[in-house]
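Colleague: Have a look at this fold, sequence not included:
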């Protein structure tokens, strides 16, 4: 087996759950998140790269995911499918319900607002880092974040963004 295949297998075994949880923040559903991770892996490993570690491979895959989400959202058919999907799963625990509420609220944002929020608040990137990753001006990122905050406050039942509510980010296990 080629070295890149070993790296992919190890990446999925060791970091697959975290990548899927991150993808679920970006796309709203675990099944879609799995597809997103798969597409990001294909994108990253379709070009010859020397990835020195699993950490580096994970970083490349994570950095590919937001642009894939934005590209997908540009397709009208994909957008229609995404808007009609249900997000609730029966028999979910309270922590998972909170995560679903955040994911549902994120889906109410435009794709660029959603990606900016995830990069800024879940990846803890600075505004300049978000702008650089997405190829946008810092002012544009600030506008997206401001609009997103205003939209998210009532959806998350938060009156002040500075309250910094905490929501556990977990990967759902198969069969749950």
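Modeller: Cool, the structure landed. Since we're looking at a predicted model, the values are computed, not measured.

Colleague: Would you confirm that residue 43 contacts residue 64?
Modeller: Yes: at 4.9 Å, residue 43 counts as touching residue 64 under the criterion of CB atoms under 8 Å. No exception for glycine: its C-beta is placed from N, CA and C like everyone else's.

Colleague: between the two, which one's more packed in?
Modeller: A count of neighbours by other CB atoms under 10 Å puts residue 64 above the other of residue 43 and residue 64, at 18 against 15.

Colleague: Which helix runs longest in this structure?
Modeller: helix 3-27 (DSSP state H).

Colleague: I'd like to know which elements that one is packed against.
Modeller: Helix 3-27 sits against helix 30-45, helix 54-73, helix 94-107, with contacts defined as 3 or more CB pairs under 8 Å, 6 or more residues apart in numbering; DSSP states H and E.

Colleague: Kindly recompute the last result at 6 Å.
Modeller: With contacts taken as 3 or more CB pairs under 6 Å, 6 or more residues apart in numbering; DSSP states H and E, helix 3-27 sits against helix 30-45, helix 54-73.

Colleague: so how far is the last one off the chain centroid?
Modeller: If I follow you right, that is helix 54-73. 9 Å (CA atoms, centre = their mean, to the nearest Å).

Colleague: just checking, what packs against it?
Modeller: Short answer (3+ CB pairs under 6 Å, 6+ apart): helix 54-73 packs on helix 3-27, helix 30-45, helix 111-117.
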